[in-house]
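Undergrad: could you look at this predicted model? Sequence included:
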Amino acid sequence: MRKIVVLGLVTLAAFTIACSSGNGDTKSSVTGGSSQNVESAATEKTTATAKVGQTVTLTNDTLGDKTTVEITVANPKQFAVEPGDFGSKPDHGVFVVFNVTVVCKQGTYSANPFNFKFVAKDGTVSEGALTVNFKPALNATDLSSGQKVAGKIVFDVPKAAISGGKVQVDGVGLDFDKPAAYWAL
């Protein structure tokens, strides 16, 4: 019985050391101009807020598996109707379309249009809109170090939500469900 307890304690100690080698928190920083830091409601860390067009670098180190990715959200445009002969109209007011570029600098990253949300000034969150005529669309793509992908993301939001709104990207790794950075309009 004593051997089992000792073995269990050794295993627990090894697991604790391995887990403490990286806390898993996604960190964000902005390149190309000034940024703001805003307090995240869920944690005490800060989340970078960039201007649309700036590049944000996300880093995450979970259990020694480091990921570094650069994301740029740029060129916002509004549409009252989707382009094309059979373009749909937005349900909530206006389509807001952004060009997104994702560059994996280290590790691996799953770029996905569903990693992004539109957050209105009042805190209302909108997921990406399902459209077909804003091309090229940002498709879900697994990237390795040195690879990149670019495409458009689309949100269907009330026109009044655009002023003071921002685009949110989710964190990397275990932080997939937490805001990692914002681009302010």
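TA: Cool, the structure landed. Nothing here was measured: the structure is a model prediction, and the numbers come from that model.
Undergrad: so residue 53 touches residue 76, yeah?
TA: No - with contact defined as CB atoms under 8 Å, residue 53 does not reach residue 76; the gap is 9.1 Å. For glycine as for every other residue, the C-beta is placed from the backbone atoms N, C-alpha and C.
Undergrad: which residues of this structure fall in strands?
TA: All strands of the chain, identified by DSSP state E, fall at 27-31, 36-39, 46-51, 55-62, 65-79, 94-106, 108-111, 116-119, 125-126, 141-144, 148-157, 166-170, 179-184.
Undergrad: where in the chain is pLDDT low?
TA: 1-29, 31-46 (pLDDT under 70).
Undergrad: show the end-to-end separation of stretch 172-184, please.
TA: End-to-end span of stretch 172-184 (CA to CA, to the nearest Å): 20 Å.
Undergrad: any buried residues in it, and which?
TA: By 16 or more other CB atoms under 10 Å, the buried positions in stretch 172-184 come out as 172, 173, 175, 178, 179, 180, 181, 182, 183, 184.
Undergrad: farthest pair in the residues you listed?
TA: Using CB to CB, the two most remote members of the buried residues of stretch 172-184 are 173 and 184, lying 25.0 Å apart.
Undergrad: would you list the strands of the chain in CSV and tack on distance to residue 134?
TA: What follows is the strands of the chain, written out as CSV (distance: least, CB to CB, whole Å):
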stretch, distance to residue 134
strand 27-31, 26
strand 36-39, 29
strand 46-51, 22
strand 55-62, 22
strand 65-79, 8
strand 94-106, 5
strand 108-111, 17
strand 116-119, 14
strand 125-126, 15
strand 141-144, 17
strand 148-157, 5
strand 166-170, 15
strand 179-184, 18
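Undergrad: burial-wise, tell me which of those comes out on top.
TA: Stretch with highest mean neighbour count among these: strand 179-184 (a mean of 23; mean count of other CB atoms under 10 Å).
Undergrad: report the angle between it and strand 166-170.
TA: Computed by axes from the mean of the first three to the mean of the last three CA atoms, to 10 degrees, the angle separating strand 179-184 from strand 166-170 equals 160 degrees.
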